[in-house]
Structure formats: structure tokens, C-alpha cells
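Asks: Sequence and predicted structure, then a few things I'm wondering about:
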Amino acid sequence: MSLDLRLVKTAKDAGAAKRLAREALWLRELARVRSLEGQLPRLIEQGTDAAGCPYLVVSISPGTGETRAFTGGHARFLATLGKARFRTTDFEHAGKCQWLQRSLEALPEKIPLLQDAYYDCETALLYWSGPYVLSQGDFAPWNIRTFGSQLFVFDWGEAHADASPLDDVLHYLMIQRRLKSVPLLRRAMSRAHEFALAAYPEWSWRPKVIGALTLVYLLGVILHRGSERSDPVVDAYWKLLEKRSAWMPA
């Protein structure tokens with residue numbers, strides 16, 4: 001794959017600067033993962049411009065193809081990415097669990113629905129030990145291009161370690177249409193279940209575990225985006241939390 005094109009990304013505020021710093025960190029680390037070579041940007045330059053704004057220069061793919069379908073190529077990429085930073089642990093010791101706890105504690109006031117949803121995650125995963133992996137953080141069609149049979153995935157400012165292994169799969173399937181309906185959510189869960197069985201066959205993927213990790217994903221997105229229901233994604237996911245008795249396996 002030829003990567004002659006370049007993109008300059010400049011941060012204009014503290015939040016953007018933090019995302020650029022995270023992106024640079026992960027691009028440096030992932031550049032050493034040979035199985036991902038040619039599938040993500042190269043970090044060409046990092047610095048501060050004359051106005052004092054941090055910037056990155058990264059390579060971009062000449063590929064322009066975009067698909068809304070979750071293909072075998074998407075599954076292979078995520079399975080490879082997950083193993084680039086991987087550990088097995090209990091939910092309570094995973095970074096994702098600890099981030100959820102901190103985010104709930106940081107809310108200006110307790111929100112019963114979110115507290116109860118977290119309790120349901122904790123209860124359902126109490127006796128389950130499984131893989132926690134590196135997540136791209138915004139694995140969506142608009143951040144992915146195809147070049148031949150290969151994916152090129154950009155925008156790594158939301159990447160983080162110790163994520164649920166289903167986060168990126170569910171995000172790809174759900175964020176496109178801000179799914180509100182239970183049947184569509186069940187379909188996304190079924191596809192995520194297939195992915196888990198193929199990518200991590202050593203672990204148990206009972207329906208209860210898939211349901212709990214789906215709840216982890218929904219709650220994580222709501223908290224990450226600020227839990228304001230004026231945000232259409234938050235509102236859609238909030239409604240799915242309210243209906244969780246209809247889709248969470250008993």
C-alpha cells in the first residue's frame with residue numbers, strides 16, 4: 001500500500017490536544033505491530049506550531065472505499081488489534097470497569113438509571129474472567145477506508161487499553177443508525193457474539209456475558225459523551241438502557 005498522502009491535525013483546545021497526544025502515543029506503539037502494517041497511519045511529525053497549538057502530521061491512505069457492512073476484514077482487523085494489547089482479568093480489575101466507576105462518581109448528581117445499569121454489569125460479570133483489549137475508540141465507517149482487500153483505519157485519538165472485546169464491534173454496528181429498537185440491538189449482539197467466538201475461542205461467551213458486555217458498551221458511550229440527553233446518541237442509548245429487561249439475558 002502506498003502512503004504518500006499526509007494530513008496535518010492541529011489542536012485548538014485542551015480536549016483536542018489530549019486526543020492528539022493519545023493518538024501519537026498509540027501510533028508509535030502500533031507501528032511496532034507487524035500484523036497491522038499498512039492498515040493505520042504512520043506518525044510523521046509531532047510538534048507545536050507558531051501559535052502554540054500542538055499538531056501531528058500523519059500519513060493517510062489513498063483508498064476511498066467505505067462500507068457500512070461489518071465484514072470479515074473488519075473482524076480480522078479487530079482481532080489483530082485486540083491482541084496488540086491484551087490481558088485476561090476479572091471485570092472488577094479491568095480498566096473499563098474502573099473508568100465506569102470514576103465516571104459515575106464524577107457526575108454532578110447520581111442518576112439512578114446509570115447506577116442501576118452499572119450494578120447489572122457488575123452482577124452479571126461477577127464470576128466471569130475474560131479478555132480485555134485495545135480499542136480504537138471510534139471504530140465507525142467514517143474512520144475506515146478500504147484499499148483492495150485491506151482496511152485502513154484512522155483517527156486514533158479515542159484509543160484506549162483494557163476495553164471490552166465487544167466495544168468496537170458493537171460501536172461499528174450501532175453508531176451508524178443510533179439504534180433504538182430492541183430487535184436491531186439483538187441483531188448487533190448476535191454479530192458481536194459470533195465475533196467473540198471466532199476471535200477469542202478460549203473463553204466462555206454465554207448469552208449472559210454478551211448481554212452484560214453490551215450494557216458495558218452502552219453505559220460507556222453515555223458517560224463518555226457527557227450523559228446529556230440532548231445528544232441524539234446518548235438519548236438513543238439511554239432508551240436502550242431503559243428497555244434492558246427486554247434484551248438482557250436472564
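Replies: Received it, and whenever you're ready, just let me know what you need.

Asks: Pull out the buried positions in stretch 111-124.
Replies: Along stretch 111-124, the positions that meet the burial threshold by neighbour count (16 or more other C-beta atoms under 10 Å) are 114, 117-118, 120-122, 124. For every residue, glycine as well, the C-beta is placed using N, CA and C.

Asks: Can you lay out those residues as a markdown table showing secondary structure, pLDDT and distance to Q101?
Replies: Supplementary listing: these in a markdown table, determined by DSSP: H, G, I helix; E, B strand; the rest coil; pLDDT from 0 to 100; distance: C-beta to C-beta, whole Å:
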| residue | secondary structure | pLDDT | distance to Q101 |
| --- | --- | --- | --- |
| L114 | helix | 97 | 12 |
| A117 | helix | 97 | 13 |
| Y118 | helix | 97 | 8 |
| D120 | helix | 96 | 14 |
| C121 | helix | 95 | 11 |
| E122 | helix | 95 | 9 |
| A124 | helix | 95 | 16 |
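
Asks: from the residues you listed, which is closest to Y217?
Replies: C121 (9.9 Å; C-beta to C-beta).

Asks: Please parse this structure into its domains.
Replies: With domains defined by automatic domain parsing, the chain comprises 5-60, 72-246.

Asks: So which other helices or strands are in contact with the worst-scoring helix or strand of the chain on mean pLDDT?
Replies: Comparing helices and strands within the chain by mean pLDDT, DSSP states H and E singles out strand 144-147 as the least confident, with a mean of 86. Applying 3 or more C-beta pairs under 8 Å, 6 or more residues apart in numbering; DSSP states H and E, we find strand 144-147 packed against strand 150-153.

Asks: residue at max distance from the center of this structure?
Replies: A50 (33.7 Å; C-alpha atoms, centre = their mean).

Asks: about what we covered before: hey, C-alpha coordinates of the least confident helix or strand of the chain in PDB?
Replies: Coordinates of the C-alpha atoms in strand 144-147 are reproduced here as PDB (Å, rounded to 0.1, in the frame of the first residue of the first chain):
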ATOM      1  CA  ILE A 144     -12.200   3.400   7.800                       C
ATOM      2  CA  ARG A 145     -11.300   3.200   4.200                       C
ATOM      3  CA  THR A 146     -10.700   0.100   2.100                       C
ATOM      4  CA  PHE A 147      -7.800  -0.300  -0.200                       C
END
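
Asks: winner for burial among the domains of the chain?
Replies: Of all these, domain 72-246 has the most neighbours on average by mean count of other C-beta atoms under 10 Å, namely a mean of 18.
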